[in-house]
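J.: need a 3D model of the sequence below.
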Amino acid sequence: MTVRIYGVARTRAFRALWTAEELGIAYEHVPIEIGDAGARAPEFASLNPNGRLPFIDDDGFGLFESLAITLYLAKKYSPGKLYPGTLEGEAKAWQWSFWAIAEVDRGVNIWSLHAVRLPPAECDAALRDEALKVIAAPFKVLDAAVAQKPYLLGDDFTVADLNVAAVISRAVDMELGAMPHLKAWLFRCLDRPAARLALALKTKSDRETPADVTRRIAQINRL
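T.: Numbering: from 1, shown residues only. Next comes the predicted model:
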């Protein structure tokens, strides 16, 4: 049995790819691109009518939304390990996953586009600086959460860490000196062998992405 993961690694499909590598499960990567010729094409709309990435097919079970995918895969293939084995641990994994989407996902993406990914002449300094202001307070929350323990739920790496680290993975290009605990935790998560494998796919995808596709990303996501 093979899990099929749809979406180029540059997108939120990175989160699903990292999870699959972490779990050591067999998977097929289908690098569908964003836009009308990819995620919004009629043949893909039959899988995910939202026209967004990623999407997985696990032996006939289809699922969209990246963090729903990571939580599902972790619970199915690694209960009590990557996925917490207690009700309280499960709730904390949900808490941090939802927190990441609500508090920092958009801000980190806006900053990354206008600091790194768009051509320099097209970067908007005001948007970049505003994004830093938006994520400053939640980043302090995260910094405090990992100040006294190596991972969000304690001594062991779990899907809570994977989800949050994946959401803010592009923050590795930020100046994080004012948040040393967050910085150490993020680099610790992204230095895991499975993370490095998924990051290699993401880096390759970034490198091969034309500027017009990056512009389209900004337009589609209103960034």
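J.: top helix in this protein by residue count?
T.: Ranked by residue count and defined by DSSP state H, the top helix of the chain is helix 125-145.
J.: what's the next secondary structure element after that one?
T.: Per DSSP states H and E, the first helix or strand lying C-terminal to helix 125-145 is helix 159-167.
J.: gap between Ala194 and Asp161?
T.: Per CB to CB, to the nearest Å, Ala194 is found 12 Å from Asp161. To be clear about C-beta, it is placed using only N, CA and C from the backbone, and glycine gets the same treatment.
J.: let me see the contact set for Val116.
T.: Arg170, Asp173 (CB atoms under 8 Å, 6 or more residues apart in numbering).
J.: walk me through the domains of this protein.
T.: Annotated domains of the chain cover 3-81, 87-195 [automatic domain parsing].
J.: looking at the ones you listed, spot the one closest to Val213.
T.: domain 3-81 (7.2 Å; CB to CB).
J.: is it possible to get TSV of the domains of the chain that adds distance to Thr203 and mean pLDDT?
T.: Formatted as TSV, these follow (distance: least, CB to CB, whole Å; pLDDT from 0 to 100):
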stretch	distance to Thr203	mean pLDDT
domain 3-81	8	95
domain 87-195	11	96
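J.: between the ones you listed, which one is closest to Asp206.
T.: Each of the domains of the chain was scored for nearness to Asp206 using CB to CB, and the closest is domain 3-81 (5.3 Å).
J.: start to end distance for the closest one?
T.: 20 Å (CA to CA, to the nearest Å).
J.: quick one, strands of this structure?
T.: Ranges of strands in the chain, per DSSP state E, are 3-6, 27-30, 55-58, 61-64.
J.: now mean neighbour count too, for the ones you listed, in CSV please.
T.: Output for the strands of the chain, formatted as CSV (neighbours: other CB atoms under 10 Å):
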stretch, mean neighbour count
strand 3-6, 22
strand 27-30, 16
strand 55-58, 22
strand 61-64, 14
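J.: now distance to Pro42 too, for the ones you listed, in TSV please.
T.: Below are the strands of the chain laid out as TSV (distance: least, CB to CB, whole Å):
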stretch	distance to Pro42
strand 3-6	15
strand 27-30	16
strand 55-58	15
strand 61-64	16
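J.: most remote residue from the middle of the protein, which is it?
T.: Ala121 (26.9 Å; CA atoms, centre = their mean).
J.: which ones are touching Ala160?
T.: Pro84, Lys92, Ala93, Gln95, Trp96, Ser97, Tyr151, Leu152, Leu153.
J.: mind redoing it with 10 Å?
T.: 71, 74, 82-84, 89-90, 92-97, 99-100, 151-153 (CB atoms under 10 Å, 6 or more residues apart in numbering).
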